[in-house]
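S.K.: Output the structure for:
(one chain, ligands or ions: 1)
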Amino acid sequence: MCALTVASNTKLPEVAFLVYAPTRQRRADNSFEGNDNIGAKVVEDVLCRAGIRVGRCSPETAKNFRLVLVSFTSTFDVFAFYRAVALIPSWQPKRRAFKVLAGGFGMQNPAPVRHFIDYAAFGRVDNWVTGVVDAILGGSEPAHESVMNLPDIHQVKISQPSSLYPYLVSGWSESFTGCPLKCKFCHYTYARKHSGSNEAYGQYVQSGFTGGSSPELTWDGLFTWGKKLGRVRVAIDGFSERLRYVYGKRISNDDIVAGLETVGQYEGITTVLTYNIGNFPGETEEDRHDLYQTLRRVNPKNRVIFVLCTTPFRPSAATPMQWEPVSLFPNWYNERARVIVEENNFRAVHSFTLETSYSHACAVIAERITVNDDELFHAICFAPGLQRDNHDMRLKRLQANFNLTSFLREYDVNEEHPSQFLTSYIERDTMKRIAIKMRTQAAKTKDTRGWLPGRVSMVQGRLGVTVTR
Ligand code: SF4
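M.R.: Now for the predicted structure:
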């Protein structure tokens, strides 16, 4: 990694990354410890190699720099950033003496923070951020198709990397970008074009980013790993076969049973942490029971613990599901740690850490917020009644004081959408066609019982075999 950033120098650099407290206390701050914020570290590295020293600042010390960089690692960081700076006099638009450039994976909708950020960068910036920083420090307005000059909300394109980042950063080197799969709800896969080595085929992310040492595999990886797994992370992304085939991954019920029995052939306990999406459009109790019934069929030779970690669906920008309706219920928080199956050799249980409906509502608001919703956003960040009491109470207060219809309703693919300003490497018309086809397929799975889009499951396709028990 470039050493300029850490070189001691009595004179303060002109540029600094903002360190601020996150909304969720997974870590103390976004202070670039470990590899949690590798994107920000790459930006530091790029600027350092161009001879631009990058320091760190707090919300209070930001005024000592000419340009403050802000990293949003998730859409929740937009709330955290607003809480951190919105009440500080030196950050107010008319008094702010420094410029602010913000980006990162969580930069998907800057509408609520448009008065506290001057330039919002979308997508991969390593190829062009130096020019933008030079322009800002030189006193001119940057002009780039992936930079939104705020407070105007205008069209931008999510930038793609032209090549893998060639340097080692904090012991990490990039081997691929994007994901070869195209789950319809996934912002990542539609925001980042897949390129790089085939290592991605069988792994969702570059190892080490999302949970330390346990491997993260696609479901077919359970069949091909070939040795004992202690703890493994996989995703099914849909309660029923029907939902998985339409919205997420084509994993059949038989694939689920066979996959869990395959990892259970080895002696000892295997824990399978399984990410799932709940509250999909049109999801019913019958869909949820489809999974519970399937899990009752699992009979491994040795003990397997299946932990179901359900995140409620949100209509992410720039995906085919951006137009879909949102259901805030079931509230998965109420299901946490509930046992689904308890047998000698198999336990299926809901995860202990599940999202509340209130948190879900906030996430959806961050996706679909517009310049007309400033009061709502400010209330979520600061209104006393929304900072205390349990989450059910907060949701009731939110719904009593604000009309959430525009955040929760279904949109026609041809009507104006709140995050219409964002396009990715897939053109908007293509995205609409995918969305229309998906809606047609979803309807057909309901109207024609047993019908599924696609003849073979993803697992069967990738393994080249038919998985049957
Ligand atoms: S949800 Fe995971 S597997 Fe699906 S497209 Fe996104 S990154 Fe790939």
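
S.K.: number of nearby residues for the residue lying closest to S316 once chain neighbours are set aside?
M.R.: Spatial nearest neighbour of S316, chain neighbours left out: H187 (3.9 Å); criterion: C-beta to C-beta, 6 or more residues apart in numbering. Glycine gets a C-beta too; all of them are placed from N, C-alpha and C. Residues near H187, counting by other C-beta atoms under 10 Å, number 24.

S.K.: Neighbours of L67, how many?
M.R.: Residues near L67, counting by other C-beta under 10 Å, number 21.

S.K.: List phi and psi for the residue nearest to it when sequence neighbours are not counted.
M.R.: Leaving aside its sequence neighbours, L67 sits nearest to V15 (C-beta to C-beta, 6+ apart; 4.7 Å). Torsion angles at V15 (phi, psi; degrees, to the nearest 10) stand at phi -120, psi 140.

S.K.: Check the stretch 351-469 of the chain for the residue nearest the ligand and tell me.
M.R.: M458 (9.5 Å; C-beta to the nearest ligand atom).

S.K.: What distance do you get for that residue to G259?
M.R.: According to C-beta to C-beta, to the nearest Å, M458 stands 12 Å off from G259.

S.K.: Write down the beta-bridge partners of the residue nearest to L67, one by one.
M.R.: V54, L67 (DSSP bridges).

S.K.: I'd like the distance between A143 and the ligand.
M.R.: Separation of A143 from the ligand (C-beta to the nearest ligand atom, to the nearest Å): 32 Å.

S.K.: C183 now?
M.R.: 3 Å.

S.K.: give the contact list for the closest residue to C57 other than its chain neighbours.
M.R.: What sits nearest to C57 in space, not counting adjacent residues and going by C-beta to C-beta, 6+ apart, is A16, at 4.0 Å. Contacts for A16 (C-beta atoms under 8 Å, 6 or more residues apart in numbering) come out as V54, G55, R56, C57, T61, A62, N64, F65, L67, V68, L69.

S.K.: What's the local residue count around the first one?
M.R.: It stands for V54. Neighbourhood size, V54 [other C-beta under 10 Å]: 24.

S.K.: which residues sit in contact with it?
M.R.: V54 sits in contact with L4, T5, P13, V15, A16, F17, V43, E44, L47, C48, L69, where contact means C-beta under 8 Å, 6+ apart.

S.K.: what ranges do the helices span in this structure?
M.R.: Shown for the chain, the helices assigned by DSSP state H span residues 38-49, 76-85, 129-137, 187-191, 221-224, 241-247, 253-263, 285-296, 357-368, 374-382, 391-401, 405-408, 428-447, 458-463.

S.K.: Highest mean neighbour count out of the ones you listed?
M.R.: Comparing the helices of the chain by mean neighbour count (mean count of other C-beta atoms under 10 Å), helix 241-247 ranks first with a mean of 26.

S.K.: does that one come close to the ligand?
M.R.: No: Helix 241-247 lies apart from the ligand when judged by C-beta under 6 Å from any ligand atom; the minimum separation is 10.0 Å.

S.K.: elements contacting that helix?
M.R.: The helices and strands touching helix 241-247, judged by 3 or more C-beta pairs under 8 Å, 6 or more residues apart in numbering; DSSP states H and E, are helix 285-296, helix 428-447.

S.K.: What is the neighbour count of the closest residue to the ligand within the stretch 301-450 of the chain?
M.R.: Per C-beta to the nearest ligand atom, T319 is where the stretch 301-450 of the chain lies closest to the ligand, at 9.5 Å. T319 sits with 27 neighbouring residues when counted by other C-beta under 10 Å.

S.K.: quick one, what contacts the nearest residue to it once chain neighbours are set aside?
M.R.: Once flanking residues are discounted, T319 sits nearest to Y190: 4.9 Å by C-beta to C-beta, 6+ apart. Counting by C-beta under 8 Å, 6+ apart, Y190 makes contact with K182, S316, A318, T319, P320, S424, I426, M431.

S.K.: Now, of these, which are buried?
M.R.: K182, S316, A318, T319, P320, S424, I426, M431 (16 or more other C-beta atoms under 10 Å).

S.K.: So the second one is in contact with C186, correct?
M.R.: So that's S316. Yes: when contacts are counted by C-beta atoms under 8 Å, S316 is listed as touching C186 (7.2 Å).

S.K.: Was I right to think V349 contacts L308?
M.R.: Yes: counting by C-beta under 8 Å, V349 touches L308, with 7.0 Å between them.

S.K.: Give me the common contacts of those two.
M.R.: With C-beta under 8 Å, 6+ apart as the test, V349 and L308 both reach I340.

S.K.: Comparing those two, which shows the higher neighbour count?
M.R.: Per other C-beta under 10 Å, whichever of V349 and L308 has more neighbours is L308, with 24 against 18.
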